[in-house]
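Peer 1: Okay, here's the prediction I keep looking at, along with the sequence it came from:
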Amino acid sequence: MELYLYNKLENDKCVQGILDKDNTVLMRTIIEFAETYGITKNSIREYVVTLLINDDNVLSNIAQSGGEIGKDLKKIALFDINQIYDKLFAATIKYTPSSFDKGYFSAYTDSVTKMTEAKNAKELLELLINHYKTLGSGELSKYCAFKYDGMIEGISEIEDVTFNSLIGLEYQKQILIDNTEAFLKGKLSNNVLLFGDRGTGKSSCVKALLNMYAGDGLRLIEIPKQYITDIPKLTKMLSKKPDKYILFLDDLSFETHEKEYRTLKIAMEGQLQANPSNVLIYATSNRRHLIRETWADRDGGEVHRNDQMQETLSLSERFGISLVFSAPDQKEYLHIVDQMLKNHGIEINADIEKAAVVWQMNHGGKTGRCAKQFVANYVAKNKEK
């Protein structure tokens, strides 16, 4: 094959196995691929499609960044895809992969399946371009949730949290929904800080947003504090992708000697280059002021003290929206327990209320998390009685 855009395929050992009719190399590669990543019964075609959707080239970059593909570029792309379709898609192998869910996003699965069923090269190219435009390429096209630890890794299973399961918090939920919907529609939106008592639903609200809007192109990338310095590099890469990304910083706080907060300040507001319109930062914290301050930090003259306080406050103020999550009182706590029990077909009574109060006294206080843990324990012990 003589490929112009997809020339990297020529170096792939499975592709070489197909072209050289080396069934040993082909079988070894396809078995490994089918059992590890495969989602269709046509493993060879799916393998080739995976190479195509993960290929970093001029066409894929223009398509996923929303640019217009020129006629000449499309002709060259079709020239490549014709060769790939005729010489690689035509290969057959008798191997049916095991059937189990790989945890990919449903839109990814549907797109790959359609490409493996393409009836000709032109149809394959159109499906491929549509994949780039709607899902992007690489790991980011496969999942809706990710973690970042120097590289992006997809999360195949996310907690099934919905806003209906989060009792109370009506004001906080509505603000988050409104801001996130504006973000998804390309309107002005804000970075968000969710702060307050532990176990009150801060992280769960962010997960509920993902479960609600993943089908609309929302993606969530969880970033540990030690990788905050990579945010500028990460946002630059994400700016070329078609989806909307929330960078999720969970349980965030800084000591004064930790300098990652300076990078975060600049990433949100302060760099010369404008922030990409498809990236926001949502952070949760038990503290309103993210940089921990001690009395020793306030030693010195008036000027020094004022400078220190401004530095401490400056990070929190870069979040356009700050939402407080407070622990419920006992009446609210029992209401949460009541609503959660109803989801399991159980009506609360005086004995259950007493048990719930005893539970919260021994398990972290009156919070939504504590209520959830009590209900899980109670249902497990009493549901089948």
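Peer 2: Great, that's in hand.
Peer 1: and the host helix or strand of Val15, what does it pack onto?
Peer 2: Following DSSP states H and E, the helix or strand that holds Val15 is helix 13-20. Contact partners of helix 13-20 among helices and strands, from 3 or more Cβ pairs under 8 Å, 6 or more residues apart in numbering; DSSP states H and E: helix 23-36, helix 43-53. In short, each C-beta sits where N, CA and C put it, glycine included.
Peer 1: Show me the strands in the stretch 251-385 of the chain, by range?
Peer 2: Taking DSSP state E, counting those that start in this stretch, the strands of the stretch 251-385 of the chain run over residues 279-285, 321-325.
Peer 1: so which of those strands gets nearest Leu52?
Peer 2: With distances scored as Cβ to Cβ, the stretch of the strands of the stretch 251-385 of the chain nearest to Leu52 is strand 279-285 (26.5 Å).
Peer 1: Would you mind reformatting the strands of the stretch 251-385 of the chain (as JSON lines) and adding columns for distance to Asn120 and mean neighbour count while you're at it?
Peer 2: Formatted as JSON lines, the strands of the stretch 251-385 of the chain follow (distance: least, Cβ to Cβ, whole Å; neighbours: other Cβ atoms under 10 Å):
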{"stretch": "strand 279-285", "distance to Asn120": "38", "mean neighbour count": "24"}
{"stretch": "strand 321-325", "distance to Asn120": "50", "mean neighbour count": "18"}
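Peer 1: which residues are contacting the helix or strand that Leu78 is a member of?
Peer 2: Leu78 belongs to helix 71-84 when assigned by DSSP H and E. Outside helix 71-84, the residues within contact range by Cβ atoms under 8 Å, 6 or more residues apart in numbering are 1-6, 9, 48, 52, 58-59, 62, 69, 121-122, 124-125, 128-129.
Peer 1: If we use 10 Å, what do you get?
Peer 2: With contact meaning Cβ atoms under 10 Å, 6 or more residues apart in numbering, helix 71-84 is reached by 1-7, 9, 15, 48-49, 51-52, 57-60, 62-63, 69-70, 85, 89, 118, 120-126, 128-129.
Peer 1: Among the residues you listed, name the ones in strands.
Peer 2: Secondary structure defined by DSSP state E assigns none of the contacts of helix 71-84 to strands.
Peer 1: Could you tell me the angle between the helix holding Leu78 and helix 43-53?
Peer 2: Counting by axes from the mean of the first three to the mean of the last three Cα atoms, to 10 degrees, helix 71-84 lies at 160 degrees to helix 43-53.
Peer 1: Report the distance from the helix or strand following helix 71-84 to the chain centre.
Peer 2: Following helix 71-84 in sequence order, the next helix or strand is helix 106-116 (DSSP H and E). Helix 106-116 sits 19 Å away from the centroid of its parent chain (Cα atoms, centre = their mean, to the nearest Å).
Peer 1: cool, and stretch 215-235?
Peer 2: 8 Å.
Peer 1: Any idea how far apart the tips of it sit?
Peer 2: Using Cα to Cα, to the nearest Å, the end-to-end distance of stretch 215-235 comes out at 21 Å.
Peer 1: tell me which residues in that stretch are buried?
Peer 2: 217-223, 225, 227-228, 230-231, 234-235 (16 or more other Cβ atoms under 10 Å).
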